[in-house]
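Asks: Here you go, sequence then predicted model.
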Amino acid sequence: MQNLAPIALFVYNRPRHTERTLKFLQQNELAAESRLFIFSDGAKNPHDEDKVAEVRSIIKKIEGFKSVKIFEKKENSGLANAVIAGVTKLIDDYGQVIVFEDDLVTSPHTLTYFNEALNRYRNEDKVMHIGAYMYPLKTKNLPQSFFFRAATSWGWATWGRAWKNFEPDIDTLISQFDHKKKAAFSIDNTMNFWKQMQEFKKGKNNSWAIRWYASIFLKGGLTLNPSQSLVNNIGHDGTGVHSGINDIYNVAINPKPITQFPTVIEEDKTAYEVIKAFLANRKGSIAKRIRRFVNEKLSQYFSK
């Protein structure tokens with residue numbers, strides 16, 4: 001396969017997660033032909049210094065890729081700033097990028113999926129993002145891959161032509177939404193995407209991902225997604241920036257390669273309805289919600 005995209009991996013203070021992420025990435029079919037760029041953020045406080053050093057010791061021994069380049073920050077940028085700067089750098093140098101964080105296990109076919117999609121839709125302006133994660137959907141009636149409006153952040157890829165539309169200023173983004181757009185953005189009010197926008201403005205989160213999705217949405221862009229996930233997030237154990245302890249979003253990784261891609265550049269209506277149904281019912285009954293809440297609090301307490 002020609003024109004393989006560089007891989008950006010963002011790491012911080014989770015050595016065991018980083019090891020697993022790299023182990024699975026090394027097992028990808030295109031790993032040996034791919035350039036890997038690892039962005040290691042600096043410690044936020046003295047408590048994190050040993051873990052950051054341990055992570056850096058691990059990444060300096062990595063083999064199995066065409067090349068490995070490590071960028072170490074002395075100061076702490078925070079995940080959002082690190083991702084935005086790292087993605088922008090590789091986009092400027094290579095025109096495209098595949099992005100992972102340090103808590104994602106992948107299929108052996110994940111890099112192949114990304115590169116095939118990047119090449120296939122390179123000149124389709126409406127396609128702005130390729131995601132590798134998909135919710136644990138129950139239906140078997142979806143195609144292997146499809147277009148959807150929302151952008152997932154657990155393993156993704158994009159091109160320079162799309163990334164140039166990224167708008168980091170939350171006020172600029174919010175000013176473009178009316179009531180109808182807010183509902184559509186939130187998948188008919190089944191997902192808290194608009195709440196995430198408001199919480200970013202209030203300083204309650206520092207998400208690059210919600211601003212990227214909003215940038216795509218406001219441009220009328222689409223995202224490519226697999227119907228069965230090619231990644232799983234292993235960070236829901238209280239160790240990450242955006243982690244919880246619940247299993248709502250855990251998935252079984254697709255063991256097969258994606259061989260079918262949509263030819264019509266429009267949102268898949270069936271997929272939209274299936275995802276909307278999942279989001280509307282994802283938290284389950286009141287009893288399940290209470291049990292999940294208690295388990296999360298207990299896990300957080302005992303992990304301290």
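Replies: Yes, it's here. A quick note: this is a predicted structure, and the numbers were derived from the prediction, not measured.

Asks: what are the ranges of the helices in the stretch 51-200 of the chain?
Replies: Secondary structure of the stretch 51-200 of the chain (DSSP state H, counting those that start in this stretch): helices located at 79-94, 110-120, 160-163, 170-174, 179-185, 193-201.

Asks: can you redo those helices as TSV with mean neighbour count and mean pLDDT?
Replies: Bear in mind the C-beta positions are built from the backbone N, C-alpha and C, glycine included. Below are the helices of the stretch 51-200 of the chain laid out as TSV (neighbours: other CB atoms under 10 Å; pLDDT from 0 to 100):
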stretch	mean neighbour count	mean pLDDT
helix 79-94	18	98
helix 110-120	23	98
helix 160-163	19	98
helix 170-174	15	98
helix 179-185	13	98
helix 193-201	17	98
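
Asks: could you dump the ones you listed to TSV with distance to E273?
Replies: Below are those laid out as TSV (distance: least, CB to CB, whole Å):
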stretch	distance to E273
helix 79-94	31
helix 110-120	23
helix 160-163	26
helix 170-174	27
helix 179-185	14
helix 193-201	17
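
Asks: With respect to A5, which of those helices lies nearest?
Replies: helix 110-120 (5.5 Å; CB to CB).

Asks: ok now do N232, which residues does it touch?
Replies: By CB atoms under 8 Å, 6 or more residues apart in numbering, N232 lies in contact with L104, V105, Y133, N250, V251, A252, I253.

Asks: The protein: strands as residue ranges?
Replies: 7-11, 35-40, 67-72, 96-101, 104-106, 127-131, 145-148, 156-159, 222-226, 231-233 (DSSP state E).

Asks: now these as a markdown table including distance to Y121?
Replies: Shown next, in a markdown table, are the strands of the chain (distance: least, CB to CB, whole Å):
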| stretch | distance to Y121 |
| --- | --- |
| strand 7-11 | 19 |
| strand 35-40 | 21 |
| strand 67-72 | 26 |
| strand 96-101 | 11 |
| strand 104-106 | 20 |
| strand 127-131 | 4 |
| strand 145-148 | 10 |
| strand 156-159 | 8 |
| strand 222-226 | 7 |
| strand 231-233 | 19 |
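
Asks: of all those, which lies closest to V83?
Replies: When these are compared by CB to CB, strand 7-11 sits nearest V83, at 5.8 Å.

Asks: In the contacts of N232, which residue is surrounded by the most others?
Replies: In terms of neighbour count, L104 stands highest of the contacts of N232 at 25 neighbours, by other CB atoms under 10 Å.

Asks: Who does that one form a beta bridge with?
Replies: N233 (DSSP bridges).

Asks: Need the pLDDT of it.
Replies: Looking at L104, its pLDDT reads 97.

Asks: In contact with it, which residues?
Replies: Shown in contact with L104 (CB under 8 Å, 6+ apart): T21, F24, W154, G155, V231, N232, N233, I234, G235.

Asks: Over to the third one: give its phi and psi.
Replies: Pointing back at W154 there. When read as degrees, to the nearest 10, the backbone of W154 gives phi -90, psi 80.

Asks: Please tell me how far it sits from K138.
Replies: Counting by CB to CB, to the nearest Å, the separation of W154 from K138 is 20 Å.
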